[in-house]
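**Student:** build me a structure from this.
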Amino acid sequence: MYRKLMIALVVMIMIFSISTAGFAASINNTMPKATKVDTTKYQVITPEESSSSTTKKVVLISGKAPKGTNIIIDVYGAIDLTGKNYSFAKLPKEDDYTYVSSVTIKAGDVGFGEEVELILGINKIIITFDVQGVPSVEKVFYCYEKGQLERNHNSSFTK
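**Tutor:** Numbers count the residues shown, from 1 in each chain. Presented below is the predicted three-dimensional model:
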């Protein structure tokens, strides 16, 4: 009697364990395949340089992207009132930048364009295409006043 009960119990355990494994689906078949993004469709055209200096307090950021793509433009600044702490040769550390502004725009039929306001000093602008697999673009601007440049230039000769 015990022998029949043990055999029945072992058979029941085998049936339940085999049926569970038999109904499991493969994970690879249910996951969507990753699509490769054509990064040439996402470009920042203006400004061309990765770094430049300007006396203008507004700069145009423009480029191309498929219609309807969200583009996020973040502006960070590092203020240098003396004009001696930062330059293109000595950029601020990541911790020295302060968040200034952010704007989200949509690409239209001919791409995108947005005027961004700069602060005096070093400005780092990060353009992010809201598409997975497309890298962000970073531009650095040194915004200065003409008088500040003349004062710094004259003071360097008097030392």
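
**Student:** strands along the protein, start to end?
**Tutor:** 43-46, 51-54, 58-64, 70-78, 98-106, 112-117, 121-129, 137-143 (DSSP state E).

**Student:** what's the end-to-end length of stretch 36-45?
**Tutor:** Across its full length, stretch 36-45 reaches 23 Å end to end, with Cα to Cα, to the nearest Å as the criterion.

**Student:** okay, buried residues for it please.
**Tutor:** 42, 44 (16 or more other Cβ atoms under 10 Å). Every residue, glycine included, has its C-beta placed from N, CA and C.

**Student:** what's the end-to-end length of stretch 115-123?
**Tutor:** Note: stretch 115-123 ends 14 Å apart using Cα to Cα.

**Student:** and what of stretch 101-114?
**Tutor:** 13 Å.

**Student:** buried ones in it?
**Tutor:** For stretch 101-114, by 16+ other Cβ under 10 Å, it's 107, 111, 112.

**Student:** so how far is that stretch off the chain centroid?
**Tutor:** Offset of stretch 101-114 from its chain centre (Cα atoms, centre = their mean, to the nearest Å): 15 Å.

**Student:** quick one: mean pLDDT for that stretch?
**Tutor:** For stretch 101-114, mean pLDDT is 95.

**Student:** what's it in contact with?
**Tutor:** Outside of stretch 101-114, the residues within contact range by Cβ atoms under 8 Å, 6 or more residues apart in numbering are 45-46, 60-75, 116-117, 130.
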